[in-house]
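>>> what follows is a protein structure lacking sequence information:
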């Protein structure tokens, strides 16, 4: 049995404590599977007295996480403090500068500074592991870097945020509206007090930016991700989607197009028969379409102490085994500088819901606006007449594949129609 | 850029030719992702003149595959000849003895001789890769060895044979019977002229034995797999399953029980809501339940040139990167000698279909037999009266969880009842 790999854990929150628990419970099993022990030497926490439900005996507790990054008796630092800058970044950069391997669950930081940090790690010959940063326990980073490495990725897409998927699933099952379900999710601890990071799609966009970098061997480009959240999705839309044999999911998608790599996070109508349509509740899933492997999908829990610790430990095991790779597979200097394709160049089908005054001529005006932009209609749904006091009815139109720019121009004209009583709701339809 | 890794491909059938195609098309991409070129130096084929739809220029063609195993200019041999003994085994063992790495898609061979061959590879310090042997393009071996390595596996189960899944899916969609659908599948090339390897569950059992060895760190124990195929599943059973909100799938399952590791391959009733119930047609899927990660599932194409080549190349890339591991994660000498649990100790619920003469008293006799073995009924389905000239009606009973031994004793008594006109059909119900 070789020397133990000595671990310092920066942050003893849910994930940090979960990681310590896993490493303790499976110490023997992991030593057997790695050929050497994984030993937690030290950890840092703001409050060193707090009970975290895990045995910390024999682990040196530091109040300053930077002490781990410089400690001579630590080989690998696990950063689970969080935050896209500040101390988390300092800990990671200091550890790397000192020749230590780094394992992190910090998607926000890597989405913004991943390319810089990856280059630092490469220059120092240390491993930067971030399996836990994307889709929790699903080993999707490893799948892209290793299991599917023989493929050119044609497209990847995923349910990357459990909070949004829980809310959309509950809306569908209960028929209730977004605000209502969000409030419940907050009570149950599935959504934060300030939910915008999740429900506005930012968290999913962080993860998508990392997946894209790994899949396409290009620098992390978070700024290039087009992002829409799920606040606009109404109970009405969920019902209309069902009628169209679809479900509404917040997806992160990346694909090669003739204009470059397209990255998008937004609510999507997906056919009920698509495997990802059945991924419900807090589960995450990532589908990868490779030119040789065809369709694959990976599903599991996207958050929580256990799944995230499982991913952190997978990276620690790779470190212990000495299985290093450039963070984004390709050496930093060789990352492709291929352009990103802007959302205006996106081609796809659309779902458009309008709340209109129930008067003759309104459909004629709407369809004329679409016609003038060469947007061709696939279907129209309208049920009965206005029943409410406000005299409006919902009208849903779906289009054939068209360019987003044309759709936007048509939408702008439609939004100006006098008969329209609410902002139109536009949701992209994905051909999965 | 380091030295190329030099590859010899033993066998230029579908998989071998697909592998050459992938390595050629993505030569540049793979060199970038590995830090060194993957170069096919030589290949072997019985008929060296045959057109395989792939460019073989610059590749030395041998008629004897053993020449690859001994060639001084080859670092890694890809064995895609097939067969559980004979030349495939000779090629692998000779290559290993000569210090070459081996990548194989040969589940039959590894299911029978995997432990021996793994020990040989370990003794020689070479890599034995077999990602392609299980579930085609799904990187499930890597997931167990790396991505989920931090978990104790509580249970794993999968759709491991695309032919069976295609037949069962088509039976459900068309309402047709097994023999009829099998004949069509043979015409379409989804089933072999001699289909027994697939439809009798043997192929799935080979794969399950390998998954179990990797997941539980024990020697491959194909003899310990309980196997039943899908020939007995009738169109009637598929319809009754629907009525019970279930689907019938051929699953391979392994789990820890108090009596040891249980390994089974047989048709199962699974709830329609279980993710694996929606995996249809020729797709494969493997679900892994880990104590930290919780439920995960991996889905993709289980066969075909592209998916299998994708898996072969994933192993070649690991070789090129120098990322070696013992074949079954744990060193051969440390594999657990934990016992296997026999099928008689299995505990689960059961579906029982009887074709009985439509006479008073028959249900009383059947339920008495179950009662006497302490098997408790969950539900009973019987529709109307006999309509056919043979005066029989199907009766379906489902039980609560019971021990298989008790169920078998009850079944033996039931099978002897005079009112029974066909052999009873027993299908296990899985709680997924």
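Structure's in. What do you need? Since we're looking at a predicted model, the values are computed, not measured.
>>> going by C-alpha atoms from here, please, whenever you check contacts or count neighbours.
Will do.
>>> residue A:61 versus residue A:86, what's the distance?
To residue A:61, residue A:86 is 21 Å away according to CA to CA, to the nearest Å.
>>> neighbour-wise, which of the two wins?
Between residue A:86 and residue A:61, counted using other CA atoms under 10 Å in any protein chain shown, the more crowded position is residue A:61 (24 against 10).
>>> report the beta-bridge partner residues of that one.
residue A:43 (DSSP bridges).
>>> which residues does it contact?
A:42, A:43, A:44, A:45, A:48 (CA atoms under 8 Å, 6 or more residues apart in numbering or on different chains).
>>> local confidence estimate at the residue in the stretch 301-432 of chain A positioned nearest to chain B?
Closest residue of the stretch 301-432 of chain A to chain B, CA to the nearest CA: residue A:307 (3.9 Å). Residue A:307 carries a pLDDT value of 98.
>>> so it: helix, strand or coil?
helix (DSSP: H, G, I helix; E, B strand; the rest coil).
>>> circling back: and the contacts of residue A:61, which of them are buried?
A:42, A:43, A:44, A:45 (16 or more other CA atoms under 10 Å in any protein chain shown).
>>> output the residues you listed as TSV; include the columns pLDDT.
TSV is the format used below for the buried ones among the contacts of residue A:61 (pLDDT from 0 to 100):
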residue	pLDDT
A:42	98
A:43	98
A:44	97
A:45	93
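>>> can you list these in CSV and add distance to residue A:135?
As requested, the buried ones among the contacts of residue A:61 are exported to CSV (distance: CA to CA, whole Å):
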residue, distance to residue A:135
A:42, 27
A:43, 25
A:44, 25
A:45, 25
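>>> out of the residues you listed, who's nearest residue B:418?
residue A:43 (72.1 Å; CA to CA).
>>> the closest one reaches residue A:66, doesn't it?
No - in this structure residue A:43 lies outside contact range of residue A:66 using CA atoms under 8 Å: 10.5 Å.
>>> now the strands for the stretch 101-250 of chain A?
A:101-104, A:128-129, A:153-159, A:226-227, A:246-257 (DSSP state E, counting those that start in this stretch).
>>> out of these, deepest packed?
With neighbours defined as mean count of other CA atoms under 10 Å in any protein chain shown, the strands of the stretch 101-250 of chain A peak in mean count at strand A:128-129, which reaches a mean of 28.
>>> who touches that one?
Under CA under 8 Å, 6+ apart, the answer for strand A:128-129 is A:101, A:102, A:103, A:104, A:118, A:121, A:315, A:316, A:326, A:327.
>>> quick one: mean pLDDT over that strand.
For strand A:128-129, mean pLDDT rounds to 98.
>>> now do that strand: distance to the chain's middle.
Averaging C-alpha positions (CA atoms, centre = their mean, to the nearest Å) puts strand A:128-129 18 Å from its chain's average.
>>> strand partners of that strand, parallel vs antiparallel please.
Here strand A:128-129 is paired, per DSSP bridges, with strand A:101-104 (parallel).
>>> quick check: the gap between the residue of chain A most remote from its centre and residue A:270.
Here chain A reaches farthest from its C-alpha mean at residue A:360, the gap being 44.0 Å by CA atoms, centre = their mean. Distance from residue A:360 to residue A:270, counting by CA to CA: 32 Å.
>>> can I assume residue A:18 is in contact with residue A:312?
No - here residue A:18 does not reach residue A:312: they are 9.7 Å apart, not a contact under CA under 8 Å.
>>> these two: who's more crowded?
residue A:312 (31 against 24).
>>> does residue A:39 lie in a helix or a strand, and which?
Per DSSP states H and E: residue A:39 is located in strand A:38-44.
>>> which other helices and strands does that strand contact?
Secondary-structure packing of strand A:38-44 (3 or more CA pairs under 8 Å, 6 or more residues apart in numbering or on different chains; DSSP states H and E): strand A:5-10, helix A:14-25, helix A:27-34, strand A:60-62, helix A:66-70, helix A:305-321.
>>> quick one: closest of the ones you listed to residue A:333.
Using CA to CA, the helices and strands packed on strand A:38-44 put helix A:305-321 closest to residue A:333, at 22.5 Å.
>>> now that closest one against strand A:38-44, angle please.
Interaxial angle of helix A:305-321 relative to strand A:38-44 (axes from the mean of the first three to the mean of the last three CA atoms, to 10 degrees): 120 degrees.
>>> name the next helix or strand following helix A:305-321 along the chain.
Later in the chain than helix A:305-321, the nearest helix or strand by DSSP H and E is strand A:347-357.
>>> shaky segments in the stretch 251-400 of chain A?
A:386-389 (pLDDT under 70).
>>> flag every residue of it that's near chain B.
A:275, A:278-279, A:291-301, A:306-311, A:313-315, A:317-318, A:322-323, A:329-331, A:334 (CA under 8 Å from any CA of the partner chain).
>>> what do you get if the cut-off is 7 Å, keeping everything else the same?
Contact residues, the stretch 251-400 of chain A versus chain B (CA under 7 Å from any CA of the partner chain): A:292-301, A:306-307, A:310-311, A:313-314, A:323, A:329-330.
>>> of all the strands of the stretch 101-250 of chain A, which one comes closest to residue A:11?
strand A:101-104 (10.8 Å).
>>> gap between the closest one and the chain center?
20 Å.
>>> then stretch A:271-286?
14 Å.
>>> kindly report the same for stretch A:424-432.
The answer for stretch A:424-432 is 19 Å, by CA atoms, centre = their mean.
>>> quick one: is that stretch near chain B?
No - if you take CA under 7 Å from any CA as the test, stretch A:424-432 misses chain B, and the best it gets is 14.3 Å.
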